[in-house]
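[1] model this:
(chains A and B)
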Protein chains: 2
Amino acid sequence: MSEARFEPLTVETLGARLATVAALTERIGPDHAAWSVREVGDGNLNLVFIVEGANGGAIVKQALPYVRLVGESWPLPLRRSFFEYHALTRQAARDPGRVPEIYHFDEAQALIVMEYLTPHVILRRALIEGQRLPRIGRDLGLFAARTLFRGSDLSMEAPARKKDLALFAGNIELCDITENLVFTDPYFAAEMNRHTSPQLDELVAQLRADRDLKVEAQHLKRLFTSAAETLLHGDLHTGSVMVTMEDSRVIDPEFAVYGPMAFDVGMLLANFWMAYFSQAGHETDGSRDAMRAYLLDVVVEIWRVFREEFTRLWETERAGILYPSTLYEDQGDPLGARQALDHMLADIWRDMLGFAGVEMHRRILGLAHNAEFETIEDPDLRASCERPALLLGRHLVVNRRRIAGLEEIHAIARRLNEEARP
Amino acid sequence: MSEARFEPLTVETLGARLATVAALTERIGPDHAAWSVREVGDGNLNLVFIVEGANGGAIVKQALPYVRLVGESWPLPLRRSFFEYHALTRQAARDPGRVPEIYHFDEAQALIVMEYLTPHVILRRALIEGQRLPRIGRDLGLFAARTLFRGSDLSMEAPARKKDLALFAGNIELCDITENLVFTDPYFAAEMNRHTSPQLDELVAQLRADRDLKVEAQHLKRLFTSAAETLLHGDLHTGSVMVTMEDSRVIDPEFAVYGPMAFDVGMLLANFWMAYFSQAGHETDGSRDAMRAYLLDVVVEIWRVFREEFTRLWETERAGILYPSTLYEDQGDPLGARQALDHMLADIWRDMLGFAGVEMHRRILGLAHNAEFETIEDPDLRASCERPALLLGRHLVVNRRRIAGLEEIHAIARRLNEEARP
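    Numbering: from 1, shown residues only, chains lettered A, B, ... in the order given. The predicted model follows:
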């Protein structure tokens, strides 16, 4: 199949075209005529099929040469599939069991056959429904610490890191989406932007006239484009996590690129904060007070677990060229290494807050909105949920160098949430 | 010639082997039997020949598969010549006339034929002799501003910058030299280190036990390995500049890599500060007070010209994805863009001081020492010149976030220099 030129799969052709892929037939059964195939979409970009045979199921994800949501007018190269595949293999090695298992990759067809996660649901949907998943704080904190630490010069051999840096630097078009849609477009009247109007018009105008905010947002963009510290997931929000009560899996790393450690963590926390502010819009079935408390607890847990695991890895796996033990522990100065670690965690904290802030802005002012806000039909109610998120985002971006901890942020979040109630 | 396997040139074989290179014969004359060929060395790494014919001369620089100074026990890949060639072409485009013109590149033979700069001398040698070159402050300030700005996301199209980032990420072995010899080895008893002993032993022991210094040096290493802002020269010291009273040329960019803007500037200023402290060792022919004043003036001029030119480019050539005018000037807020520029220059200032500090340390404590100190034969006198440079280096690395300007640094430098006099 890989020798043919690229051809999108369909529900009708998938069976015949993948019938000879042993990695698939061994898992789901050889009789492709008996397979059931459903197209399920995956968001905005790709074709996604569930294929089930006598012995089991699999996911088939295929890139299209354009953005699926928009159509052929927005071309997007097939090789994003190549980067997703390579990111998945690295994440699987760095945090085993946390990403779907890959069965087969066909570069020419931009196609990945992988584990069918069931009965998993998208975390964002679960949070909208008010589900309190017990494992996500720990699982996501560990995932972030392990993938970010182990993809960096703290851990890897320098030549291998430079090789991966060069490899993922080829993921130009998806990086361009992040660079422009996250860091620039929300801050002026870009063509593809939209927001809840007219309710938010005044605040949006204020933000777009806010010099300090726009300068800091571009400092963060500079950090994103130049600080090639580690292999990022690149799109680590609650729509990129699939969950059950017992399991959490991270999917869709096609935006993977070498970038600053703080980016993944900041995007992740921002999406929990947005879930927090959206709760008032989903309170028809009863109070969401417990859900709100849960969401802030998850943020606290992710950040705590991230720091603890990063510290553990620093102390046990710091084998790269940075902060070598030759200079500290081997000289009888473990406190030197600890001082360096604490500085680094402080840097990540500061930048993480900034990335969280721009993520909240772009999800409310830019092209790609979040379901937790979008599913609130009453625009007045929706705006009253989005407004505090915009305000907190501005606060984080501009004041990130002087914010002491999550308690301080959560006190502000609670207050903004109270004040926003209609 | 390029089809043959790699073969080092010799004075005897060069003529015959390059006789068919039209770019060379057109310039120096076709009769290769009449060429005069001299091997001149170039420092530590490569073969360098001057070849002169009836109509002119040229330089032939050839990499060897090992470090020339050390021998075959220290292998170093030939492809450093490839990176030098590509860096030279980019520097020529970004600051025209400031690097030697390339006549011919032969990748398989790791060989560059380029302009013979005459009567130029190496800047470091001229400074040891007490020469006061009138143009270097301006020329080097412009070179740094233009190459650093124009190789970054402030200026380039993002896909072109990412392509170059990936290309130069292949320069692994030379980067490794910088990473280890500059940022790590000086701070512990690494095998290849040497220093003026026993005169400096006590101070060296202090520095190697200095927790804050060692932590900050590694923070700077992290910045060097991850902050892929722009294409660096990578080895921009006074030994990489050739001068006359009318001209300055920057040579030898084989350490080129994407890195932080502050690195080139910091290494450059550090070498003028070392020249300053070395003057007492070269005072046999009379007072060097005027030379000392000149060297500090050059530092002031480089930094002033760098900032002025960077500012001019920011205002006239800011066409990249960072800090787009869409957000500032086009919104009637030029002050926003100016604020961002000033923040960025403050960041460069801070990091530049740190890189300058480690450069001073590694040139006195590490493997590769500077001729201005090495040519001082009396070890007591040499140590008295090196000591204040070590002290200033420590000051800059550790205090770089709280140093206001060059006046403050130069007051300290003058005081350290006075106190060091035997």
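
[2] up against chain B, what does the stretch 101-250 of chain A have?
    A:152-153, A:158-159, A:162-163, A:165-167, A:169-170, A:172, A:175-176, A:179-180, A:184, A:187-188, A:208-209, A:211-212, A:214-215, A:218-219, A:221-222, A:225-229 (CB under 8 Å from any CB of the partner chain). For the C-beta atoms, the positions are set from N, CA and C on the backbone; glycine is no exception.

[3] name the element A:V113 belongs to?
    strand A:111-115 (DSSP states H and E).

[4] mind listing the strands that strand pairs with, and their directions?
    Applying DSSP bridges to the sheet, strand A:111-115 is found paired with strand A:57-62 (antiparallel), strand A:102-106 (antiparallel).

[5] how about JSON lines for the ones you listed, with mean pLDDT and mean neighbour count added?
    Formatted as JSON lines, the strands paired with strand A:111-115 follow (pLDDT from 0 to 100; neighbours: other CB atoms under 10 Å in any protein chain shown):
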{"stretch": "strand A:57-62", "mean pLDDT": "96", "mean neighbour count": "22"}
{"stretch": "strand A:102-106", "mean pLDDT": "97", "mean neighbour count": "19"}
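
[6] kindly report the residues of the stretch 301-422 of chain A close to chain B.
    Residues of the stretch 301-422 of chain A that fall close to chain B, judged by CB under 8 Å from any CB: A:321-324, A:326-328, A:330-331, A:333, A:335-336, A:339-340, A:343-344.

[7] grab the nearest non-local neighbour of A:A209.
    Nearest non-adjacent residue to A:A209, counting by CB to CB, 6 or more residues apart in numbering or on different chains: B:Q331, 7.2 Å away.

[8] so what's the residue count around the one you found?
    18 (other CB atoms under 10 Å in any protein chain shown).

[9] ok, now which ones touch it?
    B:Q331 makes contacts with A:188, A:208-209, as judged by CB atoms under 8 Å, 6 or more residues apart in numbering or on different chains.

[10] just the ones of the residues of the stretch 101-250 of chain A next to chain B in helices?
    Secondary structure from DSSP state H places A:158-159, A:162-163, A:165-167, A:172, A:175-176, A:208, A:211-212, A:214-215, A:218-219, A:221-222, A:225-226 of these in helices.

[11] which among those residues count as buried?
    A:158, A:162-163, A:165-167, A:172, A:175, A:208, A:211, A:214-215, A:218-219, A:221-222, A:225-226 (16 or more other CB atoms under 10 Å in any protein chain shown).

[12] can you pull out the helices in the stretch 301-422 of chain A?
    Secondary structure of the stretch 301-422 of chain A (DSSP state H, counting those that start in this stretch): helices located at A:334-365, A:371-374, A:379-399, A:406-420.

[13] mean neighbour count for those - can I get that in a markdown table?
    Putting the helices of the stretch 301-422 of chain A into a markdown table (neighbours: other CB atoms under 10 Å in any protein chain shown) gives the following:
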| stretch | mean neighbour count |
| --- | --- |
| helix A:334-365 | 22 |
| helix A:371-374 | 19 |
| helix A:379-399 | 22 |
| helix A:406-420 | 15 |
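
[14] in JSON lines: those, plus distance to B:V243 and mean pLDDT.
    Formatted as JSON lines, these follow (distance: least, CB to CB, whole Å; pLDDT from 0 to 100):
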{"stretch": "helix A:334-365", "distance to B:V243": "40", "mean pLDDT": "98"}
{"stretch": "helix A:371-374", "distance to B:V243": "63", "mean pLDDT": "96"}
{"stretch": "helix A:379-399", "distance to B:V243": "46", "mean pLDDT": "98"}
{"stretch": "helix A:406-420", "distance to B:V243": "55", "mean pLDDT": "96"}
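
[15] to A:V299, which of the ones you listed lies closest?
    Nearest of the helices of the stretch 301-422 of chain A to A:V299, taken as CB to CB: helix A:406-420 at 6.4 Å.

[16] buried residues of stretch A:53-72, list them for me.
    A:53, A:57-64, A:66-68.

[17] low pLDDT regions in chain A?
    A:1-3, A:42-43, A:422 (pLDDT under 70).

[18] grab the most central residue of it for me.
    A:L236 (0.9 Å; CA atoms, centre = their mean).

[19] hang on, that residue packs against A:V250?
    Yes. Using CB atoms under 8 Å, A:L236 is in contact with A:V250, at 7.1 Å.

[20] could you report the neighbour count for the closest residue to A:A92 other than its chain neighbours?
    Spatial nearest neighbour of A:A92, excluding adjacent residues (CB to CB, 6+ apart): A:V99 at 5.3 Å. When neighbours are defined as other CB under 10 Å, A:V99 has 25 of them.

[21] for A:V99, which three-state class applies?
    coil (DSSP: H, G, I helix; E, B strand; the rest coil).

[22] give the contact list for it.
    Neighbour list for A:V99: A:88, A:91-92, A:249-251, A:253 [criterion: CB under 8 Å, 6+ apart].
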